[in-house]
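# coords please:
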Amino acid sequence: EGMQVVNFGTVSSASPDMGEQDPFFRTQYEQLKSRKLAAQVIDGLDLKTRLFERPAPFSVLSSFKVIIKGLIAPLLPAKIETVTEAADYTDLFSQHLYVEPIEKTHLVKVFYESPDPVLSADIVNALVNAFIKDNISSQSETDTYAKEFLEQEMEKARQRLTLQEAKLIEYAKQNNILEVNNSQSSQERKLDELYSALGEAERARIQAESQMIQGRKRTNAHAVLNSPVVESLKQNLATLEAEYREKLKLFKPAFPDMVSLQGRIDEVRGQLNREMSSLRQSLQTEDATIRQADYISARKLEDDLRAEVESYKGELVDLRDRSIEYNALKREVETSRNLYDGLLQRMKEVSVASNVTSSNIRVVDAAAPDNEIFRPKKALNVILGGLVGLMLGIGAALLRETLNQGVTSVTELQALSGLPILGTIPHVRHLSESNLALATVRDAGSLLAESYRVMTANLRFVLPGGMAPRVTLITSVNPAEGKSTSAVNIALSQAQQGLKVLLIDADLRRPSVHTKLGLPNARGLSNFLNGEVDIAGVTHPSREVKGLYLIMAGTLISDPVRMVSSPAMAQLLNLATKHFDSIIIDGPPTAGFADAIYLSSMAEATVIVADEDHINRKRLITVIEQLRRVRQNVVGFLMVKSQEEKLDSRYKDRYQTHLPSKPAAKTAKNKRKGLNLAQA
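So this is what the prediction gives:
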């Protein structure tokens with residue numbers, strides 16, 4: 001890459017600011033990149049054979065560009081080639097030419113990029129020399145044209161000046177005018193003096209009028225304020241007002257003495273206003289006579305001077321009417337003479353400039369071969385590539401973190417919520433709702449039943465001091481996550497351990513416990529809360545296991561929140577805790593429903609059932625915060641449809657081989673079919 005520093009001298013002797021020079025310099029930069037200069041350099045250095053026709057060095061980027069152009073070429077419309085071979089060479093030359101101005105100077109750097117550093121320097125030097133020669137040639141052509149143009153304009157101006165001077169002399173002779181300015185000067189001076197006197201008279205009249213108005217007001221106000229009667233009334237009024245303010249500290253305004261005192265104050269204030277008005281009126285009448293006389297005198301003087309001014313103006317207008325044409329002719333003569341003098345001066349300047357063959361452009365530093373590789377800069381490219389890759393990686397990670405609002409593992413859920421995982425239920429398929437809800441009883445040796453027994457065991461020690469909760473709410477964030485199935489299996493597992501358990505279906509919006517157990521739902525919790533039946537009428541023993549009692553949801557109602565938050569619900573739970581070891585409540589989902597919050601406030605422990613495939617971080621955190629604001633009783637999560645549980649299935653299958661043959665066969669059968677949690 002060759003580089004040369006060129007200085008553009010000032011255009012004229014004056015030094016315009018940079019804002020005014022910008023168009024000139026931008027023009028020079030474009031001329032440096034013109035096709036005319038490019039063609040001269042190409043021909044002078046024989047660049048067609050030395051540079052353009054040599055094979056280009058191999059470049060991965062260039063090869064990639066060729067491949068892309070070849071792929072998209074069939075898709076583009078055909079172009080008609082209209083450029084010549086010379087135009088192609090000049091375009092190629094311009095693609096590698098760089099003109100870089102240096103800020104806050106008149107200097108510019110010229111670069112040319114090529115594989116040969118010596119050739120690059122030769123190209124830059126040849127280009128700048130051609131530019132300077134072209135600039136000198138352009139100046140010479142411009143000076144010649146300007147000289148011819150000025151000669152023509154001077155001849156026209158000379159002829160016009162001669163004609164106008166003749167007309168001026170002829171008009172002066174016909175109208176017997178020697179010099180208009182001399183005859184006008186005495187009349188104009190006298191008129192100026194009259195105007196000056198008229199101005200003084202106007203100011204005197206205005207001053208008299210102003211004194212007649214403003215002076216009277218000041219005199220009246222001063223006289224009124226200094227009146228002995230007014231001063232006496234003002235002192236009396238001030239005394240009464242001070243007395244009123246002092247008594248106001250002890251009495252209210254409605255007190256008789258205060259009312260009487262206020263009346264005296266109003267009476268004195270009225271007397272004061274009437275006295276001041278009377279004095280002001282009498283003083284105004286007396287003062288008006290004096291001021292009016294002064295005003296009339298000043299007005300008369302002004303009128304006399306104005307009449308005299310009008311008389312002299314008529315005389316001066318008559319003189320000017322006779323000199324209008326003369327002055328117009330005289331101005332034309334002066335204008336033509338000034339134009340002729342200016343053209344003559346410019347003609348002399350152009351004649352001197354045309355004899356000078358210097359240029360205002362000079363070379364500061366000639367281009368020299370640069371052995372340093374301009375591009376590609378491998379180290380910089382590697383660093384930039386690494387930085388770009390790092391930023392893209394960070395951006396992709398942040399984008400993935402922003403878009404992914406789910407929870408991918410049990411460990412992540414525990415870290416996000418700060419709550420323990422009380423149990424994980426495996427993801428199984430192809431099992432009916434009733435068999436799924438009764439898996440703890442009907443398939444006691446299955447992995448599903450064992451998982452619920454682990455959950456039940458963990459639930460017994462969740463309260464401080466290792467105590468088991470008497471009232472436990474089973475809820476979920478969203479519908480259809482398996483909370484009702486989990487509530488039934490937990491209740492069955494507790495009953496199998498010998499506890500007396502009450503399972504309450506408190507999901508009055510979409511009850512499902514009766515469907516899973518195959519029981520009627522004619523009467524239940526809603527009927528008890530409405531007062532239609534007592535607790536004995538809605539409590540039924542389970543047919544599946546001894547010690548488990550059930551309260552179905554009952555008739556659907558329009559306002560479940562009002563029902564579950566009523567005193568009757570609290571009364572039911574208080575009564576149940578006296579007769580049962582554990583109470584399991586199947587509540588509605590927490591997302592968007594307030595009845596789950598009320599039920600959580602009545603329970604000793606709240607367990608959130610979470611479907612591993614449908615956990616939303618923001619929604620989950622919102623639900624936990626809502627429940628904690630009511631009561632700090634969220635004890636943990638029950639993960640359902642867990643994929644991680646499959647990792648331990650082989651280990652548990654080895655233990656199942658030691659069970660009796662019938663449960664083992666049933667387990668194997670269920671394993672072949674797969675299990676699926678019911679939609680709660």
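# who touches the spatially closest residue to residue 579 that is not a sequence neighbour in this structure?
Nearest residue to residue 579, sequence neighbours excluded (Cβ to Cβ, 6 or more residues apart in numbering): residue 500, at 7.4 Å. C-beta: built from backbone N, CA, C; applies to glycine. With contacts defined as Cβ atoms under 8 Å, 6 or more residues apart in numbering, residue 500 is in contact with 547, 549, 579-582.
# try it again at 7 Å.
For residue 500, the contact set (Cβ atoms under 7 Å, 6 or more residues apart in numbering) comprises 547, 580-581.
# can I get the residues you listed in CSV with secondary structure and distance to residue 399?
Below are those laid out as CSV (DSSP: H, G, I helix; E, B strand; the rest coil; distance: Cβ to Cβ, whole Å):
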residue, secondary structure, distance to residue 399
547, coil, 54
580, coil, 52
581, coil, 52
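# now distance to residue 142 and neighbour count too, for those, in CSV please.
As requested, the contacts of residue 500 are arranged in CSV below (distance: Cβ to Cβ, whole Å; neighbours: other Cβ atoms under 10 Å):
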residue, distance to residue 142, neighbour count
547, 116, 19
580, 113, 20
581, 113, 16
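# just the residues you listed now: which is nearest residue 161?
Nearest to residue 161 among those, counting by Cβ to Cβ, is residue 580 at 128.4 Å.
# in contact with that closest one, which residues are there?
500-502.
# between these, which is nearest residue 263?
Looking across the contacts of residue 580 and measuring by Cβ to Cβ, the closest to residue 263 is residue 502, at 85.4 Å.
# checking my notes, that closest one in a strand, right?
Yes - assignment of residue 502 by DSSP: H, G, I helix; E, B strand; the rest coil places it within a strand.
# pLDDT score assigned to it?
On the pLDDT scale, residue 502 is placed at 95.
# right, and it touches residue 576 too?
Yes - using Cβ atoms under 7 Å, residue 502 is in contact with residue 576, at 5.3 Å.
# who has more neighbours out of the two?
residue 502 (23 against 19; other Cβ atoms under 10 Å).
# who are the contact partners of that one?
Counted by Cβ under 7 Å, 6+ apart, residue 502 has contacts 549, 551, 576, 580, 583.
# before we move on, what SS does residue 422 have?
Classified using three-state DSSP, residue 422 is strand.
# any idea how far residue 590 is from it?
Using Cβ to Cβ, to the nearest Å, residue 422 is found at 17 Å from residue 590.
# if we can go back for a sec, could you dump the contacts of residue 500 to CSV with distance to residue 416 and pLDDT?
Formatted as CSV, the contacts of residue 500 follow (distance: Cβ to Cβ, whole Å; pLDDT from 0 to 100):
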residue, distance to residue 416, pLDDT
547, 37, 92
580, 34, 95
581, 33, 94
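# could you dump the residues you listed to JSON lines with distance to residue 189?
Compiled in JSON lines, the contacts of residue 500 are given as follows (distance: Cβ to Cβ, whole Å):
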{"residue": "547", "distance to residue 189": "134"}
{"residue": "580", "distance to residue 189": "127"}
{"residue": "581", "distance to residue 189": "129"}
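# of the residues you listed, which is the nearest to residue 465?
residue 581 (17.3 Å).
# grab the nearest non-local neighbour of that closest one.
Using Cβ to Cβ, 6+ apart, the closest residue to residue 581 is residue 499 (4.2 Å).
# and residue 425, what helix or strand is that in?
Using DSSP states H and E, residue 425 sits within strand 421-426.
# just the C-alpha atoms of that strand, please, in PDB.
Coordinates of each C-alpha in strand 421-426 appear next as PDB, following Å, rounded to 0.1, in the frame of the first residue of the first chain:
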ATOM      1  CA  ILE A 421     -38.900 -32.000  47.200                       C
ATOM      2  CA  LEU A 422     -41.100 -34.300  49.400                       C
ATOM      3  CA  GLY A 423     -41.500 -36.900  46.600                       C
ATOM      4  CA  THR A 424     -41.200 -37.700  43.000                       C
ATOM      5  CA  ILE A 425     -43.900 -39.600  41.100                       C
ATOM      6  CA  PRO A 426     -42.800 -41.500  37.900                       C
END
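# packing partners of it?
For strand 421-426, the packing partners by 3 or more Cβ pairs under 7 Å, 6 or more residues apart in numbering; DSSP states H and E come out as helix 410-417, helix 447-459, strand 634-642.
# report the angle between that strand and strand 634-642.
20 degrees (axes from the mean of the first three to the mean of the last three Cα atoms, to 10 degrees).
# what are the pairing partners of strand 421-426, and which direction each?
strand 634-642 (parallel) (DSSP bridges).
# contact partners of the partner strand?
410, 413, 419-427, 455, 462, 481-482, 486, 605-613, 624, 627-628, 677.
# how is this structure partitioned into domains?
2-146+361-365, 180-354, 410-673 (automatic domain parsing).
# with distance to residue 152 added, can I get those domains in TSV?
Shown next, in TSV, are the domains of the chain (distance: least, Cβ to Cβ, whole Å):
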stretch	distance to residue 152
domain 2-146+361-365	11
domain 180-354	10
domain 410-673	86
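# name the nearest of the contacts of residue 500 relative to residue 198.
Looking across these and measuring by Cβ to Cβ, the closest to residue 198 is residue 580, at 118.9 Å.
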